[in-house]
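1. Sequence first, predicted model second:
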Amino acid sequence: MDYQNIAERIIGLQNADLKLRNKLIQNGQLGKGYNEEMEKLHQRNAEILEEIINAIGYPTTDKVGKEASEAAWLIIQHSIGQPDFMRKCAKLLENTVSKNKTSPRSFAYLTDRIATFQGKRQLYGTSFDWDKSGELSPTPFDDLAKENLSVLIHLKNRP
């Protein structure tokens, strides 16, 4: 398997996402609803990444390197129109974190993003949004004193 080529492809997907995001920022369009062009790009990126994942499994750092693995996570985070894909990736990511092959931080952010989109409380406190008074505040979260945070810390500190 040509993991270098796959890594470059994943990074290219991320770069296309960031380029469009910057364009929307420059035009003052980011944050004014889900831009149609961005939605299509996120859909396309998710479809391509899913093909890659079906072929090689989750793009872990040992396969594609840190940059491409983090790029894969960003693509998954932005695949909000594909909740089944996000949930599939969360399961894969949880497994790779337990083997120290991906970042526990990525797992926490994806878990909270999925919960937020499902109208549930986030587990790790990573998701923020603008509240009624215009302040950036965390979306509703579970009791962070529970085992959730300690589990994440434990996963991060595994040998």
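-> That came in fine, so what should we check first?

2. And the strands in this structure?
-> Listed in chain order, the strands of the chain (DSSP state E) span 128-130, 136-138.

3. least reliable of the ones you listed going by mean pLDDT?
-> Across the strands of the chain, strand 136-138 has the smallest mean pLDDT, namely a mean of 68.

4. next one: stretch 103-114 to chain centre, how far?
-> When distances are taken as CA atoms, centre = their mean, to the nearest Å, stretch 103-114 is centred 7 Å away from the chain's centroid.

5. Show me what counts as buried in it.
-> 103-104, 106-114 (16 or more other CB atoms under 10 Å). Just so you know, the C-beta spots here come from the backbone N, C-alpha and C atoms, and that holds for glycine as well.

6. what's the answer for stretch 48-67, then?
-> 49-50, 52-53, 58-61, 63-65.

7. about what we covered before: between the buried residues of stretch 103-114, which sits nearest A71?
-> S106 (11.0 Å; CB to CB).

8. residues contacting the closest one?
-> Contacts for S106 were tallied using CB atoms under 8 Å, 6 or more residues apart in numbering; they are 70, 73, 93, 97.

9. wait, what's in contact with the first one?
-> E70 is in contact with 103, 106, counting by CB under 8 Å, 6+ apart.

10. Try it again at 7 Å.
-> With contacts defined as CB atoms under 7 Å, 6 or more residues apart in numbering, E70 has no neighbours.
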